[in-house]
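Chemist: please find the sequence and the predicted model below.
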Amino acid sequence: MRFAPISIFAVALSLAAAASASTPLRGDAEAGQSLFSLECGACHGSDGKGHPSWKAAHPESRLPDLVHSAFLVTRTDEQLHQAMATGHTVDQRWIPGHVFSNLSALDRWNVIQWLRDQSLRVEDFFPQAVKFTAKAFRIDEYGAKRLAAVGADPSELEVVVLTAYRGTRKPNEPLRLVPWTPVELDLLDAKERLGHLCFFDVRAPGSGELLHVGVAFDPAGQILSMRVRHPDATKRAAYEKALGAFVGRNVKTAQKLDAPRGLAQGAAWAQALSKPISLAAEGIVMFDKDERARRAFDL
């Protein structure tokens, strides 16, 4: 739901005195898309995935995929606003040339809304979640060998694993990203763990569309749900119906998936999903290893 224009104007005036706001706003995504393409497209591309020319000219620099859900769910609206207003990243690094004087405070909120509309959310998969962690794991040599059997090469051995937890949340209180620090992690209760979540881009059999897919697992490794980001609701439903044929599978380590019975192009779907789902499973293995090592000396 959008604020009335007068409300947006009033909030924009308050933002003129501050780079961030304590209350998330909802901007105009359509306006944000145009602004993003104009102001950010030279480096990030009009789709937010990185302009090919910029990446070719800067092979040593890793440009983030700004519309990837793993990137967006681990940043608050205020942090995204700050990156455009001051050029400072989440860890306070400064990005040269990243201050956009042409963008007003309201323009920046419009850009943020367009980015958010491209994202899948943790609560889409875990409605009971109150907080979550997120960490990029590098798969170890054992997982790498298993992943090689499903076609993964050494450049693909890193995955962001989000882990959702239940708890108590006040009305309208946002989902909380728990920092990956010893003190914060020690406060989490494994009994409250709902499951894990990973995001990938998958080429759809038949249509050839590149789909942004989220895969949720329960703590035991069973696939709970798979969701697709797509602007066409009818196509999204069709793709999610196909992906739903894989829900319920237990995937604890890398493996080639079997084609579900009755699914059109089932073998092709199984082939397309084997690598990303296996990578997610191996990422969860690394999460479990990290947890065991971290709690090895707990009393």
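Modeler: Arrived safely, thanks for sending. Computed from a predicted model, the values in this text were never measured in an experiment.
Chemist: need the helices for this structure, in chain order.
Modeler: 5-15, 29-39, 41-44, 52-57, 69-72, 77-85, 105-117, 122-125, 141-148, 182-186, 233-244, 266-294 (DSSP state H).
Chemist: now the last one, how far from the centre of its chain.
Modeler: Relative to the centre of its chain, helix 266-294 is centred 16 Å away, using CA atoms, centre = their mean, to the nearest Å.
Chemist: name the helices or strands packed onto that helix?
Modeler: Counting contacts by 3 or more CB pairs under 8 Å, 6 or more residues apart in numbering; DSSP states H and E, helix 266-294 is packed against strand 131-138, helix 141-148, strand 158-165, strand 193-203, strand 210-217, helix 233-244. C-beta: built from backbone N, CA, C; applies to glycine.
Chemist: how about the second one?
Modeler: Packing partners of helix 29-39 (3+ CB pairs under 8 Å, 6+ apart): helix 105-117.
Chemist: residues in a beta bridge with T133, which ones?
Modeler: On the basis of DSSP bridges, T133 is bridged to T163.
Chemist: that one: what's it in contact with?
Modeler: Residues in contact with T133 (CB atoms under 8 Å, 6 or more residues apart in numbering) are 162-163, 165, 177-178, 180, 185, 188.
Chemist: rewinding a little: make CSV out of the helices of the chain and add mean neighbour count.
Modeler: Formatted as CSV, the helices of the chain follow (neighbours: other CB atoms under 10 Å):
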stretch, mean neighbour count
helix 5-15, 13
helix 29-39, 18
helix 41-44, 16
helix 52-57, 11
helix 69-72, 22
helix 77-85, 20
helix 105-117, 23
helix 122-125, 19
helix 141-148, 16
helix 182-186, 11
helix 233-244, 15
helix 266-294, 19
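Chemist: I'd like to know which of the ones you listed has the weakest mean confidence.
Modeler: Here the helices of the chain differ in mean pLDDT, and the lowest is helix 5-15 at a mean of 32.
Chemist: before we move on, the earlier item: can you put the helices and strands packed on helix 266-294 in CSV and add distance to A272?
Modeler: As requested, these are exported to CSV (distance: least, CB to CB, whole Å):
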stretch, distance to A272
strand 131-138, 23
helix 141-148, 15
strand 158-165, 17
strand 193-203, 6
strand 210-217, 9
helix 233-244, 10
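Chemist: out of the ones you listed, flag the one nearest L103.
Modeler: L103 lies closest to strand 210-217 among those, at 25.7 Å (CB to CB).
Chemist: give the ChimeraX command for selecting the buried subset of the contacts of T133.
Modeler: Of the contacts of T133, the buried ones go into a single ChimeraX selection, burial set by 16 or more other CB atoms under 10 Å:
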select :162,163,165,177,185,188
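Chemist: name the nearest of the contacts of T133 relative to L197.
Modeler: L162 (4.3 Å).
Chemist: pretty sure the closest one is touching S69, no?
Modeler: No. Look at L162 against S69 with CB atoms under 8 Å: they stay out of range, at 9.0 Å.
Chemist: how close does the closest residue to K49 other than its chain neighbours sit to Q118?
Modeler: Counting by CB to CB, 6 or more residues apart in numbering, K49 lies nearest to D65, which is 5.0 Å off, once chain neighbours are set aside. Distance, D65 to Q118, using CB to CB, to the nearest Å: 10 Å.
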